[in-house]
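Chemist: What follows is a predicted protein model with its sequence.
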Amino acid sequence: METVYDWITIAIFGGLVVLFLHRSMSEGEPQDTIYHYLPPAIGCAFANYVGNHGQGPLSAVIVVAVLAYIALVLKPFGGIKL
């Protein structure tokens, strides 16, 4: 935990874990599977790796893509209402 990339990606990954645990413990039919959480988890790892190797702008783009995936696919707050 030395760089800003470490902190940002770990925070996003922690949010993914909380979301997964919350949904896995809720009653009713699950709306997603563990495989839906794989792309953002890999994206966090890749963004951290790229950021730690001097590619800050690319890391920021990957983080934004991960957050977009979470918002549009996993819908943590019930989805975006336009």
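Modeler: Thanks, I have the structure now.
Chemist: what helix or strand does residue 67 sit in?
Modeler: Residue 67 belongs to helix 56-69 when assigned by DSSP states H and E.
Chemist: Give me the helix or strand of the protein that scores worst on average pLDDT.
Modeler: helix 4-25 (a mean of 94; mean pLDDT, DSSP states H and E).
Chemist: Pull out the buried residues from that one.
Modeler: 5, 8-9, 12-13, 15-16, 19-20, 23 (16 or more other CB atoms under 10 Å). Every C-beta, even on glycine, is put in place using the N, C-alpha and C of the backbone.
Chemist: relative to helix 56-69, how tilted is it?
Modeler: Interaxial angle, helix 4-25 versus helix 56-69 (axes from the mean of the first three to the mean of the last three CA atoms, to 10 degrees): 10 degrees.
Chemist: How about residues contacting helix 4-25?
Modeler: Helix 4-25 is contacted by residues 1, 30-32, 34, 37, 40-41, 44-45, 47-48, 50-52, 56, 59, 63, 66-67, 70, 74, 76 when judged by CB atoms under 8 Å, 6 or more residues apart in numbering.
Chemist: low-scoring stretches of this protein, by residue?
Modeler: 79-82 (pLDDT under 70).
Chemist: Nothing else from me, thank you.
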